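**Student:** okay, structure incoming, though there's no sequence with it:
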């Protein structure tokens with residue numbers, strides 16, 4: 001309970017700008033803007049469509065044991081580390097390496113490429129949610145209309161379609177039949193049956209292309225003015241999902257068969273705890289859910305006042321993220337229980353993960369609820385808000401990194417930089433709106449984002465722990481907060497965190513197989529698709545050794561040992577725009593409410609909170 005005071009003091013506080021704000025760098029208008037931005041980035045579509053599925057698949061309630069352990073000793077320390085470094089040096093994921101380890105600046109450029117690949121496929125999912133939202137709105141406003149995935153009498157349906165409650169034939173629901181919602185998604189929205197593979201994309205699905213353009217327009221006008229603008233947008237996009245999840249939970253629990261679904265979700269299978277695969281799934285879920293390594297936490301924290309309590313932020317936002325995943329499981333499985341009830345099938349045959357869950361299974365359940373049009377609008381609006389927050393974070397990471405690395409050429413022209421970035425991302429994402437776009441989405445997701453990111457974060461963690469030094473990191477946190485982290489954090493940063501990432505890296509690379517020879521793949525990939533996949537995979541990672549070589553060739557030195565020392569040795573602490581800390585600076589520094597409040601606070605010593613107790617970190 002030593003942190004109780006810190007955890008409850010200033011979530012909505014407005015406090016005074018100090019050296020870094022006076023130097024011209026933006027700061028969050030309110031603390032809650034920053035918290036909502038971090039929560040919005042961390043809580044994304046994966047919390048809804050992945051965690052519930054892998055939880056039930058890996059032992060139900062028993063899965064929470066490895067999940068919690070991986071959170072405490074892997075995810076949380078890495079999350080805290082990135083927030084602390086971003087707030088201390090107040091710069092993006094490229095230029096921060098000038099202070100951490102100059103020769104590894106390529107890690108920052110690698111993160112830029114990974115975030116670009118992420119935007120190429122992730123925004124297509126949001127575009128699909130927009131498509132469904134418009135279809136649901138049409139069914140809601142047109143008198144007598146119903147959702148387009150209710151029946152099997154549409155032009156896109158084939159003989160395998162079987163609607164719930166259809167008694168016109170003697171067929172029953174089996175693995176050989178498809179629901180109307182499934183066929184609406186695969187045969188009408190995606191139309192992927194018209195594509196034979198990556199070599200045959202079969203033209204654009206123009207409605208998806210328009211929705212994709214709409215997504216990027218929304219993103220542009222949310223980001224172009226900086227954190228002052230995006231900090232206001234997240235008040236809607238980060239809070240709306242919780243209100244909607246609560247409504248969907250209440251509705252789901254009132255459906256017949258709902259409790260059977262919840263029981264299926266949580267029933268523990270203790271023997272699963274001893275399976276290596278379960279621990280691997282838990283580690284990967286924690287890592288990709290909290291999102292260290294994408295440069296987003298560095299970027300968002302870099303706009304905090306120097307003496308902000310980043311420890312409290314890390315604890316609060318990471319716990320909210322994990323609890324949201326747990327809550328989403330009740331929302332999803334209560335509805336899956338209902339769907340299994342009306343279809344008279346086992347829940348294990350109904351449950352899916354990924355896009356199949358949110359665009360096939362859940363819409364099918366909604367279609368059979370009273371007031372289905374309203375619930376469909378609510379559900380797909382929630383998906384859009386969940387996705388947009390993560391997109392804001394990923395692209396803000398790129399914008400902050402490039403602006404800080406090239407302040408004169410790019411930093412002074414944010415609106416043009418944001419426009420150029422949005423256009424590049426739209427062009428890169430446009431092929432995924434073709435009828436064969438799913439083939440390309442898989443390459444972007446597995447080879448462009450997931451696997452390279454794990455390697456990048458492993459390099460980052462090792463560099464901070466053993467190059468920069470966990471002792472120095474503790475000193476940085478003490479300088480910002482007035483207190484020093486205890487041994488728990490040291491052990492996690494120095495040993496458990498690197499081990500955690502090393503294990504994830506090992507398992508992820510062992511699962512990386514040639515697309516054309518993958519035994520479980522249902523998609524056809526030609527041999528050159530493997531070449532394309534590994535080119536994308538290496539396009540980000542090659543920045544790391546390339547920059548080390550560049551640094552070696554350009555670093556002046558009289559001897560090899562001196563050159564290596566300059567390349568890898570951490571530089572003296574220099575924070576852009578920050579004056580040397582004084583005893584007054586060690587007091588917690590508030591955020592500005594507005595310009596007038598900032599000016600008034602600057603003329604008054606009474607605007608400061610009392611120092612944080614030195615015992616706060618010592619017992620952790």
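**Tutor:** Sure thing, it's come through. It should be emphasised that the depicted structure is a prediction, and the values quoted were computed from it without experimental measurement.
**Student:** any idea how far the lengthiest helix in the chain is from the chain center?
**Tutor:** Longest helix in the chain, counting residues (DSSP state H): helix 106-141. Here helix 106-141 shows a centroid-to-chain-centroid distance of 12 Å under the convention Cα atoms, centre = their mean, to the nearest Å.
**Student:** next, the buried residues of that helix.
**Tutor:** 106-136, 139 (16 or more other Cβ atoms under 10 Å). Backbone N, C-alpha and C define where each C-beta goes, glycine included.
**Student:** for that helix, name the packing helices and strands.
**Tutor:** The contact analysis (3 or more Cβ pairs under 8 Å, 6 or more residues apart in numbering; DSSP states H and E) places helix 106-141 against helix 206-223, helix 372-405, helix 414-429, helix 437-443, helix 451-462, helix 527-541, helix 543-554.
**Student:** quick check: angle from the helix or strand harbouring residue 505 to helix 451-462?
**Tutor:** Using DSSP states H and E, residue 505 falls within helix 497-510. If you take axes from the mean of the first three to the mean of the last three Cα atoms, to 10 degrees, helix 497-510 sits at 160 degrees to helix 451-462.
**Student:** still on that earlier bit, pipe the helices and strands packed on helix 106-141 into TSV and attach mean pLDDT per row.
**Tutor:** As requested, those are arranged in TSV below (pLDDT from 0 to 100):
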stretch	mean pLDDT
helix 206-223	95
helix 372-405	94
helix 414-429	95
helix 437-443	90
helix 451-462	90
helix 527-541	91
helix 543-554	94
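**Student:** now do the strands in this protein.
**Tutor:** With DSSP state E, there are no strands along the chain.
**Student:** which stretches of it aren't confidently modelled?
**Tutor:** 1-24, 165-176, 516-523, 571-620 (pLDDT under 70).
**Student:** for residue 405, which non-adjacent residue is spatially closest?
**Tutor:** Spatial nearest neighbour of residue 405, excluding adjacent residues (Cβ to Cβ, 6 or more residues apart in numbering): residue 94 at 4.3 Å.
**Student:** let me redo that: residue 448
**Tutor:** residue 117 (3.1 Å).
**Student:** re earlier: my read: the residue nearest to residue 405 touches residue 113, true?
**Tutor:** No: Residue 94 is beyond contact range of residue 113, at 11.6 Å (criterion: Cβ atoms under 8 Å).
**Student:** could you pull out the helices for the stretch 201-350 of the chain?
**Tutor:** Using DSSP state H, counting those that start in this stretch, the helices assigned to the stretch 201-350 of the chain run over residues 206-223, 227-237, 240-253, 258-266, 276-290, 296-301, 310-343, 347-350.
**Student:** how about the helices and strands packed on helix 106-141 in TSV, adding distance to residue 46 and mean neighbour count?
**Tutor:** Formatted as TSV, the helices and strands packed on helix 106-141 follow (distance: least, Cβ to Cβ, whole Å; neighbours: other Cβ atoms under 10 Å):
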stretch	distance to residue 46	mean neighbour count
helix 206-223	18	19
helix 372-405	9	24
helix 414-429	19	18
helix 437-443	15	23
helix 451-462	13	22
helix 527-541	20	17
helix 543-554	26	15
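**Student:** closest one to residue 179 among the ones you listed?
**Tutor:** When these are compared by Cβ to Cβ, helix 372-405 sits nearest residue 179, at 14.0 Å.
**Student:** what is the distance between that closest one and the centre of its chain?
**Tutor:** Per Cα atoms, centre = their mean, the centroid offset for helix 372-405 relative to its chain is 9 Å.
**Student:** got the angle between it and helix 240-253?
**Tutor:** Helix 372-405 runs at 150 degrees relative to helix 240-253, counting by the same axes, to 10 degrees.
**Student:** I'd like to know how far the residue nearest to residue 501 when sequence neighbours are not counted sits from residue 534.
**Tutor:** Setting aside the residues directly before and after it, residue 501 is nearest to residue 458 in space (Cβ to Cβ, 6+ apart), at 4.4 Å. Noted for residue 458: a distance of 19 Å to residue 534, by Cβ to Cβ, to the nearest Å.
**Student:** do residue 318 as well
**Tutor:** With the distance defined as Cβ to Cβ, residue 318 ends up 34 Å from residue 534.
**Student:** neighbours of the nearest residue to residue 298 once chain neighbours are set aside, just the number please.
**Tutor:** Nearest residue to residue 298 in three dimensions, chain neighbours excluded: residue 86, at 3.7 Å (Cβ to Cβ, 6+ apart). Residue 86: 25 surrounding residues under other Cβ atoms under 10 Å.
**Student:** what sits against residue 86?
**Tutor:** Neighbour list for residue 86: 96, 297-302, 304 [criterion: Cβ atoms under 8 Å, 6 or more residues apart in numbering].
**Student:** quick one, what contacts the nearest residue to residue 191 once chain neighbours are set aside?
**Tutor:** Once flanking residues are discounted, residue 191 sits nearest to residue 435: 4.6 Å by Cβ to Cβ, 6+ apart. For residue 435, the contact set (Cβ under 8 Å, 6+ apart) comprises 190-192, 194-195, 201-205.
**Student:** now render those residues as JSON lines, adding neighbour count.
**Tutor:** Below are those laid out as JSON lines (neighbours: other Cβ atoms under 10 Å):
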{"residue": "190", "neighbour count": "23"}
{"residue": "191", "neighbour count": "18"}
{"residue": "192", "neighbour count": "18"}
{"residue": "194", "neighbour count": "15"}
{"residue": "195", "neighbour count": "21"}
{"residue": "201", "neighbour count": "19"}
{"residue": "202", "neighbour count": "16"}
{"residue": "203", "neighbour count": "12"}
{"residue": "204", "neighbour count": "16"}
{"residue": "205", "neighbour count": "22"}
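**Student:** wait, doesn't residue 191 sit right on residue 206?
**Tutor:** No: using Cβ under 8 Å, residue 191 is not in contact with residue 206; the gap is 11.2 Å.
**Student:** distance check, residue 451 against residue 280.
**Tutor:** In this view, residue 451 and residue 280 are 14 Å apart by Cβ to Cβ.
**Student:** same check on residue 462?
**Tutor:** In this view, residue 462 and residue 280 are 20 Å apart by Cβ to Cβ.
**Student:** with residue 83 instead?
**Tutor:** 26 Å.
**Student:** how about residue 377?
**Tutor:** Using Cβ to Cβ, residue 377 is found at 38 Å from residue 280.
**Student:** before we move on, the earlier item: of the contacts of residue 86, which is the most crowded?
**Tutor:** Of all those, the highest neighbour tally under other Cβ under 10 Å goes to residue 297, namely 32 neighbours.
**Student:** that one - nearest residue in space that isn't next to it in sequence?
**Tutor:** Counting by Cβ to Cβ, 6+ apart, residue 297 lies nearest to residue 82, which is 3.9 Å off, once chain neighbours are set aside.
**Student:** now residue 539
**Tutor:** In this structure, residue 539 finds its nearest non-sequential neighbour in residue 113, 6.0 Å apart by Cβ to Cβ, 6+ apart.
**Student:** looks like the one you found contacts residue 536 (just checking).
**Tutor:** No: with contact defined as Cβ under 8 Å, residue 113 and residue 536 do not form a contacting pair (9.0 Å).
**Student:** shared neighbours, these two?
**Tutor:** Going by Cβ under 8 Å, 6+ apart, residues that sit against residue 113 and also against residue 536 are residue 448.
**Student:** ok, the closest residue in space to residue 52 that isn't next to it in sequence - contacts?
**Tutor:** Spatial nearest neighbour of residue 52, chain neighbours left out: residue 329 (3.8 Å); criterion: Cβ to Cβ, 6+ apart. Residues near residue 329 by Cβ under 8 Å, 6+ apart: 51-52, 55-56, 265-266.
**Student:** can I get these in JSON lines with distance to residue 416 and neighbour count?
**Tutor:** Below are those laid out as JSON lines (distance: Cβ to Cβ, whole Å; neighbours: other Cβ atoms under 10 Å):
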{"residue": "51", "distance to residue 416": "39", "neighbour count": "24"}
{"residue": "52", "distance to residue 416": "42", "neighbour count": "24"}
{"residue": "55", "distance to residue 416": "45", "neighbour count": "26"}
{"residue": "56", "distance to residue 416": "48", "neighbour count": "25"}
{"residue": "265", "distance to residue 416": "48", "neighbour count": "23"}
{"residue": "266", "distance to residue 416": "51", "neighbour count": "18"}
